[in-house]
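Peer 1: Fold the stuff below for me.
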Amino acid sequence: MARRPVAWVGAIILLTEAVGIALLNWILGHVVDNQKMSLAGLDPHAMTVSTWIAGGLFGGYLALCGIVLARTAVRDRAPGTFGRILLISCAVLHALLGAFCVGLLGWAAFAFMMVVLGLIVLPLMAYERKAQQDAAVGEPQTA
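Peer 2: Below is the predicted model of the structure:
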């Protein structure tokens, strides 16, 4: 089965998304700062800094998910409990973003988000199945 390549592709896409999200928020922060925009009387500089912080946190989260998938591909073993929880939360996030993308960006963006969702979920399911098969091989068979 193609567990390792799928995990590698998922890791590369998640790391690319992390850089893209961080870069997008950095640009949006500069736009808000240059235009001196404010929302409900908030300080424009506070909005700029909060946009940069949000981009850094979200980009860091996606990068961490990508690192967990890359580590899964290198070790060819299922991620641990923390890694599984992280990847499941990332899959849920991509499902929600895909649902929002349909209305805001169209079906092509939705399809991309669902492909990424599949690249996150498939290694979780495939490595789980392999762990169960390995456990079954080690058990004695009863007649």
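Peer 1: gap between residue 49 and residue 56?
Peer 2: Taking Cβ to Cβ, to the nearest Å as the measure, residue 49 and residue 56 are separated by 11 Å. Where you see a C-beta, it was placed from the backbone N, CA and C, and this is true even at glycine.
Peer 1: cool, residue 112 as well?
Peer 2: Residue 112 sits 23 Å away from residue 56 when distances are taken as Cβ to Cβ.
Peer 1: Same check on residue 14?
Peer 2: As defined by Cβ to Cβ, residue 14 lies at a distance of 16 Å from residue 56.
Peer 1: and if you look at residue 26?
Peer 2: Noted for residue 26: a distance of 9 Å to residue 56, by Cβ to Cβ.
Peer 1: same check, this time on residue 94
Peer 2: Taking Cβ to Cβ as the measure, residue 94 and residue 56 are separated by 20 Å.
Peer 1: neighbour-wise, which of these two wins?
Peer 2: Between residue 94 and residue 56, counted using other Cβ atoms under 10 Å, the more crowded position is residue 94 (25 against 14).
Peer 1: helix/strand/coil for the residue lying closest to that one once chain neighbours are set aside?
Peer 2: With Cβ to Cβ, 6 or more residues apart in numbering as the criterion, residue 94 has its nearest non-adjacent residue at 4.4 Å, and that residue is residue 117. Reducing the assignment to helix, strand or coil with DSSP: H, G, I helix; E, B strand; the rest coil, the entry for residue 117 is helix.
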